[in-house]
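Chemist: the amino acid sequence is not available; the structure is as follows:
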């Protein structure tokens, strides 16, 4: 798994109007909505947890359930009907809530600049969440 599979910015910011109908005299404010590429962030988190980029640690008292859920999805390469290699994340165990939490933490850290992502070519994006 190389760093060339990480996109420079795996998120985008759009503004959302929280008011459904604007009332007279009410100022309109917009809320930021961050949309991110789930496979790209999973690639970044995998690099992070394997020590390829950054310094990822967990407390010694972390339970087995956490690690089971964090490893509930695996990255696989599959060949399509045209012979092209596609990268997909396959869910191996039903409970994967902690990986979702780690992904949201990773995205927040990237957006705020706490964690830097590799400046490589774009990753294959199968879906967004």
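Modeler: Everything's here; your move. Values in this document were obtained by computation on a predicted structure and should not be read as measured data. Numbers count the residues shown, from 1 in each chain.
Chemist: kindly list the main-chain dihedrals of the residue sitting nearest the centre point of the chain?
Modeler: Central residue of the chain (C-alpha atoms, centre = their mean): residue 41, 2.7 Å from the mean position. The phi and psi torsions at residue 41 (degrees, to the nearest 10) take the values phi -70, psi -40.
Chemist: that one reaches residue 107, doesn't it?
Modeler: Yes - between residue 41 and residue 107 there is a contact at 5.7 Å, judged by C-beta atoms under 8 Å. (C-beta placed from N, C-alpha, C; glycine too.)
Chemist: might you report the residue contacts of residue 76?
Modeler: Residues in contact with residue 76 (C-beta atoms under 8 Å, 6 or more residues apart in numbering) are 87, 88, 89, 90.
Chemist: and residue 15, what pLDDT?
Modeler: pLDDT for residue 15: 71.
Chemist: and for it, the neighbour number?
Modeler: 9 (other C-beta atoms under 10 Å).
Chemist: could you verify my assumption that it touches residue 33?
Modeler: Yes - with contact defined as C-beta under 8 Å, residue 15 counts as touching residue 33 (7.2 Å).
Chemist: which helix or strand contains residue 94?
Modeler: Residue 94 is located outside every helix and strand, with elements delineated by DSSP states H and E.
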